[in-house]
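Asker: Provided below are the primary sequence and the corresponding predicted coordinates.
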Amino acid sequence: MADKQSGAFRTTIGGQALIEGILMRGPEKQAIVVRGPEGLVVKEEELRLIRDRYPILGLPLVRGSVTFLDSMVKGVKALMFSADFYPEEAGAEEPSRFEKWLDAKLGNEKVEKLVIGMSVVMAVCFSVGLFMLLPTFLASFVERVTDSVLVRNLVDAVLRIAIFMTYLVAVSRMGDIKRVFSYHGAEHKTIFCYEKRLELTVENVRVQPKHHPRCGTSFLLVVIIVAILVNTVVFALFPVGNVFLRMLVQLLLLPLVVGITYEFNRYVGGHDNPITNFLATPGLWMQNFTTFEPDDTMIEVAIEAMKRVIPAEEGKDAW
């Protein structure tokens, strides 16, 4: 969507902050740029989307889960790539006998795929367990005081948001994570600068806002909110007494929740009016904990990553 007066538009290009670097993803390829000890290290890859081979996976409500998992896999790969250039602490431990055995039996490439797969599974399990299943389990103790389903659902919702925000605040205070979140700010500022059709220079990028309405990290917050709404409706229509059965139903509903969230974010990201701006407010507020001001060296990394994914055909990356 373009602004006819200023020439500004909304791009589909998005990014992810890494360890001393940034992953930027365009319509045709993605670029990883890391500031290593000897300067900038760049890795470019052509994008191959599974939904291009299987069109059914690109249908509304289905494409949300597919895109989410694809982004997680690519994000973990990019994090592992950036970590290779991060200085190790003195006295780092040698690889364990198990690690050496894996390397000998499977080879580096297969071990890397195994690690990436396990990392994605663990990340999903951690997020679902901490922000969805744990609150539901804790809220079940309310049943000892009252039989009200409304009260139980309300406690469940409050616990989900409280645990999520506590986790964000705690993580944002970690020193290494602060630098990652500063790179996150550089990513946002660079995208803003590009969307305003300004020249991608450190000076132009520096003055841009660090909170972006289409930030991907707001996705988790919206997932939690959508899950609260979906679960409230489902359990109101089909009451489930056993807490473990409720947790199982929530797991079964998760693809639907992610699908609804993805379509919601697409709609809000593609429209600029009072209603969509209001709906984007919680995500913008959350970025106070996940997006910090970058220094000029971080902005340089973001600019380099952005330049490498801008399509040759103008407008191909328009939202």
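Answerer: Alright, I've got the coordinates. Residues are numbered from 1 along each chain as shown.
Asker: only C-alpha atoms for contact and neighbour calcs from this point on.
Answerer: Fine.
Asker: tell me which stretches of the stretch 201-319 of the chain form helices.
Answerer: Applying DSSP state H, counting those that start in this stretch to the stretch 201-319 of the chain gives helices spanning 202-206, 218-237, 243-269, 274-279, 281-290, 296-307.
Asker: okay, those, which one's buried deepest?
Answerer: helix 296-307 (a mean of 23; mean count of other C-alpha atoms under 10 Å).
Asker: just the mean pLDDT for that helix, thanks.
Answerer: Helix 296-307 carries an average pLDDT of 97.
Asker: next SSE downstream of the helix or strand of the chain with the lowest mean pLDDT?
Answerer: The helix or strand of the chain with the poorest confidence is helix 97-128; it has a mean of 68 (mean pLDDT, DSSP states H and E). Remark: after helix 97-128, the chain's next helix or strand is helix 134-139, criterion DSSP states H and E.
Asker: which helices and strands does that next one pack with?
Answerer: Applying 3 or more C-alpha pairs under 8 Å, 6 or more residues apart in numbering; DSSP states H and E, one finds that helix 134-139 makes contact with helix 149-172, helix 243-269.
Asker: and these: which comes nearest Ser71?
Answerer: Taking C-alpha to C-alpha, helix 243-269 is the member of these nearest to Ser71, at 12.5 Å.
Asker: quick one: the closest one to chain centroid distance?
Answerer: 15 Å (C-alpha atoms, centre = their mean, to the nearest Å).
Asker: before we move on, the earlier item: how about a markdown table for the helices of the stretch 201-319 of the chain, with distance to Ser65 added?
Answerer: Formatted as a markdown table, the helices of the stretch 201-319 of the chain follow (distance: least, C-alpha to C-alpha, whole Å):
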| stretch | distance to Ser65 |
| --- | --- |
| helix 202-206 | 33 |
| helix 218-237 | 11 |
| helix 243-269 | 6 |
| helix 274-279 | 21 |
| helix 281-290 | 20 |
| helix 296-307 | 26 |
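Asker: weakest of the ones you listed by average pLDDT?
Answerer: Among the helices of the stretch 201-319 of the chain, helix 274-279 carries the lowest mean pLDDT (a mean of 84).
Asker: who are the packing partners of it?
Answerer: Where contact means 3+ C-alpha pairs under 8 Å, 6+ apart, helix 274-279 is packed against helix 243-269.
Asker: returning to that earlier point: looking at the helices and strands packed on helix 134-139, spot the one closest to Thr190.
Answerer: helix 243-269 (17.1 Å).
Asker: relative to helix 218-237, how tilted is that closest one?
Answerer: 130 degrees (axes from the mean of the first three to the mean of the last three C-alpha atoms, to 10 degrees).
Asker: now for helix 243-269, which elements pack on it?
Answerer: Using 3+ C-alpha pairs under 8 Å, 6+ apart, helix 243-269 sits against helix 63-83, helix 134-139, helix 218-237, helix 274-279.
Asker: buried ones in the longest one?
Answerer: Along helix 63-83, the positions that meet the burial threshold by neighbour count (16 or more other C-alpha atoms under 10 Å) are 63-67, 72-83.
Asker: so how far is that helix off the chain centroid?
Answerer: 9 Å.
Asker: check the second one too.
Answerer: Remark: helix 134-139 is offset 24 Å from the chain centroid, using C-alpha atoms, centre = their mean.
Asker: ditto for the last one
Answerer: Mean C-alpha position of helix 274-279 versus that of the full chain (C-alpha atoms, centre = their mean) differs by 21 Å.
Asker: returning to that earlier point: of all the helices and strands packed on helix 134-139, which one is nearest Met306?
Answerer: Smallest distance to Met306 across the helices and strands packed on helix 134-139 (C-alpha to C-alpha): 19.3 Å, for helix 243-269.
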